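In: Structure, please.
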Amino acid sequence: MTYSSYTFNDKNLIKRWLQRRRLVVAINIAKKTTPQCVLDFGSGNGELCKLIALQFPKAKIICYEPTPYLMKEAKENLAVVVGAQVHFCNDIIQIADGSVDLIFCLEVFEHLPKAETMDALGQVKRLLKNEGDAVLGVPIEIGIPALYKGVFRMLRRFGSFDASFKNVFLSIFYCPPKERPIAEITPGFTYHHLHMGFDYRNLKLLCNRYFKLQKTTTSPFSVFGCLLNPEVYFFLQKNDHAINKDVER
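Out: Numbering: from 1, shown residues only. You can find the predicted model right below:
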């Protein structure tokens with residue numbers, strides 16, 4: 001099963017629309033920036049890079065994906081835009097310190113265990129130029145979103161970890177299960193395959209600690225905020241001396 005088959009090409013029309021909408025929202029957050037180098041951190045099948053190329057046609061784009069089968073999908077998907085603009089990378093260490101103006105990292109942090117989360121945030125900070133920007137997008141898996149996501153999952157795979165009455169109930173009341181299934185997505189990279197158990201509030205606290213949090217917004221509609229929407233985005237700036245101001249819309 002390819003990444004696109006259960007995301008952008010899922011059999012459910014609403015899920016397909018939500019998946020594409022989240023990319024548009026992410027691009028719009030940073031559309032007023034003028035980056036020379038943009039990094040898609042954990043690019044999956046490379047779909048976001050297509051929008052980055054359209055929004056920033058003069059920028060160098062780095063498509064970073066450490067998982068071989070996803071990198072293969074990304075190269076196939078981006079064949080139409082590959083050239084001087086898009087560069088593929090499967091080892092984050094190969095990217096120089098302070099060389100990136102803008103980083104997108106979508107649908108990544110909800111899969112990372114604690115140590116990997118801290119390492120990824122460290123890499124984002126290392127790679128950004130001073131006052132460079134980053135857009136981090138993650139799913140909302142607590143409260144009302146946990147209810148409708150839980151119902152959807154139970155209709156597809158009732159009884160699994162993310163589709164059990166107990167775990168859905170706990171997540172609805174902002175107490176998601178702490179013990180989450182863990183595996184290796186590729187040798188040396190451990191991850192949580194399922195979103196269930198992820199709490200975006202913990203990531204927000206970390207973002208506040210290590211970056212200037214310029215804005216928080218949600219997808220598909222910013223007006224409803226984190227109460228109803230399935231995705232949340234943090235627009236960050238690398239500025240060690242800045243006072244954090246979170247503008248939520």
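
In: strands paired with the worst-scoring helix or strand of the chain on mean pLDDT, and their directions?
Out: When each helix and strand of the chain is scored by mean pLDDT, DSSP states H and E, strand 183-186 comes last, with a mean of 90. Take DSSP bridges as the rule and strand 183-186 pairs in its sheet with strand 189-191 (antiparallel).

In: Helix or strand next in line after the strand it pairs with, which one?
Out: helix 200-210 (DSSP states H and E).

In: Show me the contact partners of that next one.
Out: Contact with helix 200-210 is made by 109-110, 117-118, 121, 125, 136, 138-142, 213, 216, 226, 232, 234, 236, 244, 246, as judged by Cβ atoms under 8 Å, 6 or more residues apart in numbering. Using the backbone N, CA and C atoms, a C-beta is placed for each residue, glycine as well.

In: In terms of secondary structure, what does the very next helix or strand once past that helix contact?
Out: Sequence order places strand 212-219 as the next helix or strand after helix 200-210, per DSSP H and E. In terms of contacts (3 or more Cβ pairs under 8 Å, 6 or more residues apart in numbering; DSSP states H and E), strand 212-219 is packed against helix 13-29, helix 200-210, helix 225-228, strand 231-237.

In: returning to what we had before: looking at the contacts of helix 200-210, which are in helices?
Out: Of the positions in those, 117-118, 121, 125, 226 sit in helices, assigned by DSSP state H.

In: ok, which pair from these is furthest apart?
Out: Using Cβ to Cβ, the pair of the ones in helices among the contacts of helix 200-210 lying farthest apart is Lys125 and Cys226, separated by 24.3 Å.

In: Show me where the protein dips below the pLDDT cut-off.
Out: Residue ranges of the chain with pLDDT under 70: 82-84, 241-249.

In: residue contacts, the residue nearest in space to the middle of it?
Out: Against the mean C-alpha coordinate of the chain, by Cα atoms, centre = their mean, the closest residue is Leu106 at 1.7 Å. By Cβ under 8 Å, 6+ apart, the residues touching Leu106 are 22-23, 26, 42, 48, 135-137.

In: picking up where we left off before, just the buried residues out of the contacts of helix 200-210, in ChimeraX syntax.
Out: Selection of buried members from the contacts of helix 200-210 for ChimeraX, criterion 16 or more other Cβ atoms under 10 Å:
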select :109,110,117,121,125,136,138,139,140,141,142,213,216,226,232,234,236
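
In: Quick check: chain neighbours aside, which residue is closest to Thr117?
Out: Closest residue to Thr117 apart from its sequence neighbours, by Cβ to Cβ, 6 or more residues apart in numbering: Phe109 at 6.1 Å.

In: quick one: that neighbour from Lys204, how far?
Out: Distance of Phe109 to Lys204, given as Cβ to Cβ, to the nearest Å: 11 Å.

In: Throw the contacts of Leu106 into CSV and include distance to Leu147, thanks.
Out: Listed next are these as CSV, based on distance: Cβ to Cβ, whole Å:
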residue, distance to Leu147
Arg22, 19
Leu23, 25
Ala26, 25
Gly42, 28
Leu48, 28
Val135, 27
Leu136, 24
Gly137, 21
